[in-house]
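Trainee: sharing a sequence plus its predicted fold:
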Amino acid sequence: MSEKNHEGKRTARERLAAEREKQKTAEKRRRALIVGASVVCVLGLAAVIGVAAANAGKDKGSKSSGPATAPSGAQGKDGLAIPVGKDGAKSTLTVWEDFRCPACRAFETAYRPTLHELADSGQLRIEYHLVRLIDGNLGGTGSLRAGNAAACAQDAGRFRDYHDVLYDNQPEETDDAFSDNTKLIALAGKVGGLDTTAFRACVDKGTHDGWVDKSNAAFKSSGFTGTPTVLLNGKNIYQDQSMTPAKLKQLVQQADKG
């Protein structure tokens, strides 16, 4: 083998090794983002920030939310799940989320393209449950108000798009910006056909406040400890340190073929 060819093959191997190392570093960064963010989205957050632990999970900033009026198409036990995807999908992903939770945003950012692809192809059904842990831990009503607005978007058949817009525009965890209905209505302008008189009235009246509170109570009684909680066919995959969007896709595709 000529010296030139030998050098060329060595250079190619070095480039391949460098690319693999780059991918490993990127994956480590992604995991650090999700794991690091999840620290501040647990029921015991009050202890982390120096607030009395006895206040963790309590709603400091709201009155009684009234009757639990479920949004259109809500399914599951007590009608607490907003479904995305086809009913006949062989795999179901159950997601418990809080729109003020940075770990929830990290999960959505990393997995959104895969979730959209699998749901749109009919291989995966997603059931979203909306909770308000951050309201209870930090005070305020942003989780409740955003949850209600998302349920109003479900009434209009625009839940997924508005759900994504909320995470794309999530304020800092300590900033209760989502407590402002005006902001939530303004964000609806980013979703075609959503900013209507009916949607605005639903947001302003807090039509689904009681439903969000009921979902929050169901989460607390379930034994789950933080958001996001993500279950694939009943198994908690968020706790699986080896889980990636690619692995999730593989699991769903295997179930679909089986």
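Mentor: Everything's here; your move.
Trainee: from the middle of its chain, how far away would stretch 180-189 be?
Mentor: Relative to the centre of its chain, stretch 180-189 is centred 19 Å away, using CA atoms, centre = their mean, to the nearest Å.
Trainee: whoops, I mixed them up, stretch 133-142
Mentor: For stretch 133-142 - counting by CA atoms, centre = their mean - the centre lies 17 Å from the chain centre.
Trainee: what are the C-alpha coordinates of it, in PDB please?
Mentor: Listed next in PDB are the C-alpha coordinates belonging to stretch 133-142 (Å, rounded to 0.1, in the frame of the first residue of the first chain):
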ATOM      1  CA  LEU A 133     -46.900  21.700  40.300                       C
ATOM      2  CA  ILE A 134     -45.000  24.900  39.800                       C
ATOM      3  CA  ASP A 135     -47.900  27.000  40.900                       C
ATOM      4  CA  GLY A 136     -48.000  25.100  44.100                       C
ATOM      5  CA  ASN A 137     -44.200  25.300  44.600                       C
ATOM      6  CA  LEU A 138     -43.400  28.800  43.600                       C
ATOM      7  CA  GLY A 139     -46.900  30.500  43.800                       C
ATOM      8  CA  GLY A 140     -48.800  32.100  41.000                       C
ATOM      9  CA  THR A 141     -51.300  30.700  38.500                       C
ATOM     10  CA  GLY A 142     -49.300  30.400  35.300                       C
END
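Trainee: in that stretch, what's buried?
Mentor: By 16 or more other CB atoms under 10 Å, the buried positions in stretch 133-142 come out as Leu133, Ile134, Asp135, Gly136, Asn137, Leu138, Gly139, Gly140, Thr141, Gly142. The C-beta positions use only the backbone N, C-alpha and C, and glycine is treated the same way.
Trainee: helix, strand or coil for the second one?
Mentor: Assigned by DSSP: H, G, I helix; E, B strand; the rest coil, the conformation of Ile134 is helix.
Trainee: pretty sure it contacts Glu173?
Mentor: Yes - with contact defined as CB atoms under 8 Å, Ile134 reaches Glu173; the gap is 6.4 Å.
Trainee: let me know the closest of the buried residues of stretch 133-142 to Thr69.
Mentor: Thr141 (17.4 Å; CB to CB).
Trainee: pretty sure that closest one contacts Ala177?
Mentor: No - assessed by CB under 8 Å, Thr141 is found out of contact with Ala177, at 11.1 Å.
Trainee: that older thread, where do the contact lists of Ile134 and Glu173 overlap?
Mentor: Arg100, Cys101 (CB atoms under 8 Å, 6 or more residues apart in numbering).
Trainee: tell me the mean pLDDT for stretch 164-173?
Mentor: In this model, stretch 164-173 has a mean pLDDT of 97.
Trainee: CA atoms only for that stretch, dumped as CSV, please.
Mentor: Taking C-alpha atoms only, stretch 164-173 is exported to CSV below (Å, rounded to 0.1, in the frame of the first residue of the first chain):
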residue,chain,number,x,y,z
ASP,A,164,-46.0,23.4,21.1
VAL,A,165,-46.3,27.2,21.0
LEU,A,166,-46.6,27.4,24.8
TYR,A,167,-43.3,25.5,25.2
ASP,A,168,-41.6,27.5,22.5
ASN,A,169,-42.5,30.7,24.5
GLN,A,170,-42.1,29.3,28.0
PRO,A,171,-40.9,32.1,30.5
GLU,A,172,-38.4,31.5,33.2
GLU,A,173,-39.7,29.1,35.8
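Trainee: doesn't Val212 belong to a helix?
Mentor: Yes - per three-state DSSP, Val212 lies within a helix segment.
Trainee: for it, grab the count of nearby residues.
Mentor: By other CB atoms under 10 Å, the residues close to Val212 number 28.
Trainee: likewise the one 10 residues further on?
Mentor: A count of neighbours around Ser222, defined by other CB under 10 Å, yields 11.
Trainee: likewise the one 4 residues further on?
Mentor: Using other CB under 10 Å, Gly226 has 21 neighbouring residues.
Trainee: in a markdown table, list the buried residues of stretch 133-142 along with distance to Ile82 and pLDDT.
Mentor: A markdown table is the format used below for those (distance: CB to CB, whole Å; pLDDT from 0 to 100):
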| residue | distance to Ile82 | pLDDT |
| --- | --- | --- |
| Leu133 | 18 | 96 |
| Ile134 | 19 | 97 |
| Asp135 | 19 | 97 |
| Gly136 | 21 | 94 |
| Asn137 | 23 | 94 |
| Leu138 | 24 | 96 |
| Gly139 | 26 | 96 |
| Gly140 | 23 | 97 |
| Thr141 | 20 | 98 |
| Gly142 | 19 | 98 |
